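>>> just need the structure, nothing else, for what follows:
(2 chains)
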2 protein chains.
Amino acid sequence: MTTQPLKLSSKAEYLSFVDQFDTFMFDCDGVLWHDESLVPGAVQVLEHLRALKKKIIFVTNNATKSRKNYKKKFDRLGVQAEVDEVFGSAYASAVYISSVLQLPKDEKVYVIGQAGLEEELDEEGIQHIGGTVRGHPLSPPTILLNFKARIYFQDPADKTFDAFDITKFERDPKVAVVLAGLDTAINYTKLAKAMQYLTQNPGCRFIATNEDSTYPVGGGQFLPGAGSISAPLRYITKTDPVSIGKPNQAMMDTIKAKHHFDPKKTVMIGDRLDTDIIFGNKGGCSTLLVLTGVAKEADLRPEANPPVLPDFIVNSLGDLAVLKN
Amino acid sequence: MTTQPLKLSSKAEYLSFVDQFDTFMFDCDGVLWHDESLVPGAVQVLEHLRALKKKIIFVTNNATKSRKNYKKKFDRLGVQAEVDEVFGSAYASAVYISSVLQLPKDEKVYVIGQAGLEEELDEEGIQHIGGTVRGHPLSPPTILLNFKARIYFQDPADKTFDAFDITKFERDPKVAVVLAGLDTAINYTKLAKAMQYLTQNPGCRFIATNEDSTYPVGGGQFLPGAGSISAPLRYITKTDPVSIGKPNQAMMDTIKAKHHFDPKKTVMIGDRLDTDIIFGNKGGCSTLLVLTGVAKEADLRPEANPPVLPDFIVNSLGDLAVLKN
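The predicted model follows:
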């Protein structure tokens, strides 16, 4: 049974909406902010909910930042948040590997991803290789010690390197998981190494932090998302990874392990149907779609089978700021 | 109607096989050589066919080399070949863009690929941007002129660059085609630019030199192929590119434009069912599968629907060298 979403547009409707729930889960990008710009009124709404003693949880598929680093973004934008309230797909991936897979301590994760993903693996005590390389660029004294140093323009666009030399690759037999997240330093060598692990280390698992094909950078513009980084490995192995981020319930399980909440009294607020709204619906929560991000009202397809529909719609989270007055 | 492949294993069978055809099309990697090592006897077989005045054509999905550069590989390995006999997916892609798409002279191709692809576009007089960047690494005097120069290890594995800055990207409205081939210097910026062209330049076409997910590098080892380089763009745009290389008949059309041959008197010889054998079957040619590359006899699935079966099988092309004696 599907009911049409209720579009909230009056103060009375906002009030009734807020009254129904004691836990509010928020997607961040497209809901609270775009990149480094706050959605007008969003901070006031969060302050109002805190004043009402509502539980607030932030759920993001962004896997490039650890929770601690994500907290810095909240601080920078003036949004009150505690590290324990923030759930990112990097953190959820690390928890999944340590708690669900229960990866033995002597086994390793080969990482395609950024520093935040490595930090969360470190926090969970998971051994990992690949990922970022620290210490670049080199300081001049270090260069003198390394006769292989070459000099390039610092133009990230079009660096041309030699092909991966498989004859010099030392495959680590202890790698039991390939974990792929958004990596703006993706290159052929990383893909080639990940491929060797997935195809040659028996039983090696393939995990993606999330499947978002793109992510919004504001102004209606998008860049390749984490799902596009793992796409070559899907194409090569003809296997879909276990994806941890929304809409996968691995993310919900990670939240449940830290917070007690009643799904019937919880609303998931997001800007994407294919991640946020499915995530909330699957988790038995209510859902609110905001129109400040990816999805537009025209994207709602009640005739689809199954339809992906939120319970509520509002133009902008900031519209609820009138409740403070 | 499908007949079981005939396994050739005696001199009489080889003789009868060769007698049936006047044109022999060869895949290269896995048939004539593995990387830089010749398949034993392959050169003798080619010499024998030339002595019999058979027409010889080389058809490769390798898009990293132009025909001229591919000719150098034949020379280096001591395999007689003329540039006009060599058909690569880089060349076929350039011919497709100029002859089939008839790209206007003032429109451009955004290239993800290597120098060979750019050379073939140049030969066809097609404007292109992206691709490789020439002049790296810089000579020391040039460095002094460029205050943005930074110094990195020459370690192709793990270069970490800044994320693509879309606010500084000047999208060229004249780009009407994104052409993606194997690019061992693939990076996030190239993918992000290609994505902008495919999603924002109205009518921009998406072409892949070929769809091979991997390619063999000898010793039973594989690396990511051209299809895995375009996989992120497929995933982002939810669109499959027009793929030019085998098994697509765009490659066959390119050969037909240069050589007159009767498909009934032609055999396509290759090591892959999903490219070479489908390519030959679709083109109305006979097909010979060699077992020195990707496909093994156990991969033949006569019960599949439709089945992909060669007309003939031989353990190695080199086995036919006994015909010279």
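
>>> for chain A, which residues score under the pLDDT cut-off?
A:1-2, A:133-163 (pLDDT under 70).

>>> how about the helices in it?
Ranges of helices in chain A, per DSSP state H, are A:11-19, A:42-51, A:67-76, A:89-95, A:115-123, A:140-145, A:188-200, A:226-237, A:249-256, A:278-282.

>>> which of the ones you listed has the highest mean neighbour count?
Across the helices of chain A, averaging neighbours per residue (mean count of other C-beta atoms under 10 Å in any protein chain shown) puts helix A:89-95 on top, at a mean of 30. Every C-beta, even on glycine, is put in place using the N, C-alpha and C of the backbone.

>>> run through the neighbouring helices and strands of it.
If you count contacts as 3 or more C-beta pairs under 8 Å, 6 or more residues apart in numbering or on different chains; DSSP states H and E, helix A:89-95 packs onto helix A:115-123, helix A:249-256.

>>> report all helices and strands that the longest one contacts.
Taking 3+ C-beta pairs under 8 Å, 6+ apart as contact, the helices and strands that helix A:115-123 lies on are helix A:67-76, helix A:89-95, strand A:108-112, strand A:127-130.

>>> list the contacts of the third one.
Spelled out, that is strand A:108-112. Applying C-beta atoms under 8 Å, 6 or more residues apart in numbering or on different chains, the contact partners of strand A:108-112 are A:97, A:103, A:117-118, A:121, A:126-131, A:172, A:174-181, A:183, A:186, A:190-191, A:193-194, A:197, A:229-230.

>>> switch to 7 Å and redo it
A:97, A:117-118, A:121, A:126-131, A:172, A:174-181, A:183, A:186, A:190, A:193-194, A:197, A:229 (C-beta atoms under 7 Å, 6 or more residues apart in numbering or on different chains).

>>> cool, and the second one?
Surrounding helix A:89-95, the residues in contact under the criterion C-beta under 7 Å, 6+ apart are A:61, A:63, A:65-67, A:116-117, A:120-121, A:123-124, A:126, A:179, A:181, A:207, A:209-210, A:244-245, A:250-251, A:254.

>>> over to the first one?
Contacting residues not belonging to helix A:67-76 are listed as A:60, A:81, A:83, A:86, A:88, A:91, A:116 [C-beta under 7 Å, 6+ apart].

>>> switch to 10 Å and redo it
A:28, A:32-33, A:36, A:46, A:58, A:60, A:62, A:64-66, A:79-88, A:90-91, A:114-116, A:119-120, A:123 (C-beta atoms under 10 Å, 6 or more residues apart in numbering or on different chains).

>>> so how do I select the buried members of those in PyMOL?
In PyMOL, selecting the buried portion of the contacts of helix A:67-76, with burial taken from 16 or more other C-beta atoms under 10 Å in any protein chain shown, looks like this:
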select buried, chain A and resi 28+32+33+46+58+60+62+64+65+66+79+81+85+86+87+88+90+91+114+115+116+119+120+123
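
>>> I'd like the helices and strands packed on helix A:89-95 as TSV, with distance to residue B:266 appended.
Shown next, in TSV, are these (distance: least, C-beta to C-beta, whole Å):
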stretch	distance to residue B:266
helix A:115-123	52
helix A:249-256	54
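
>>> select, out of those, the one closest to residue A:269.
When these are compared by C-beta to C-beta, helix A:249-256 sits nearest residue A:269, at 14.1 Å.

>>> touching the closest one from outside, list them.
Here helix A:249-256 has contacts from A:23, A:25, A:57, A:59-61, A:85, A:87-89, A:91-96, A:99-100, A:207, A:209-210, A:242-246, A:261, A:263, A:266, A:268, A:275, A:279-280, A:282-285, using C-beta under 10 Å, 6+ apart.

>>> tell me the residues on the stretch 201-325 of chain A that lie near chain B, please.
Within the stretch 201-325 of chain A, the positions adjacent to chain B are A:211, A:213-214, A:217-225, A:227-238 by C-beta under 10 Å from any C-beta of the partner chain.

>>> gap between residue A:34 and residue A:322?
22 Å (C-beta to C-beta, to the nearest Å).

>>> so for the two, which residue has more residues nearby?
Using other C-beta atoms under 10 Å in any protein chain shown as the criterion, residue A:34 and residue A:322 rank with residue A:34 on top: 19 against 15.

>>> isn't that one right up against residue A:294?
No: checked against C-beta atoms under 10 Å, the pair residue A:34 and residue A:294 is beyond contact range at 11.0 Å.

>>> overlap of the contact sets of these two?
A:216, A:220, A:271.

>>> can you list the helices of chain A in CSV and add distance to residue A:290?
Converted to CSV, the helices of chain A look like this (distance: least, C-beta to C-beta, whole Å):
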stretch, distance to residue A:290
helix A:11-19, 12
helix A:42-51, 9
helix A:67-76, 18
helix A:89-95, 20
helix A:115-123, 25
helix A:140-145, 48
helix A:188-200, 35
helix A:226-237, 22
helix A:249-256, 19
helix A:278-282, 13
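
>>> nearest to residue B:301, of these?
helix A:226-237 (19.9 Å).

>>> could I have that closest one exported to PDB, CA atoms only?
This file holds the C-alpha atoms of helix A:226-237, laid out as PDB (Å, rounded to 0.1, in the frame of the first residue of the first chain):
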ATOM      1  CA  ALA A 226      32.400   6.600  -5.100                       C
ATOM      2  CA  GLY A 227      30.300   4.200  -7.200                       C
ATOM      3  CA  SER A 228      32.200   5.400 -10.300                       C
ATOM      4  CA  ILE A 229      35.500   4.700  -8.700                       C
ATOM      5  CA  SER A 230      34.600   1.000  -8.000                       C
ATOM      6  CA  ALA A 231      32.900   0.700 -11.500                       C
ATOM      7  CA  PRO A 232      36.100  -0.600 -13.200                       C
ATOM      8  CA  LEU A 233      36.400  -3.300 -10.600                       C
ATOM      9  CA  ARG A 234      32.700  -4.300 -11.100                       C
ATOM     10  CA  TYR A 235      33.300  -4.400 -14.800                       C
ATOM     11  CA  ILE A 236      36.400  -6.500 -14.500                       C
ATOM     12  CA  THR A 237      35.200  -9.000 -11.900                       C
END
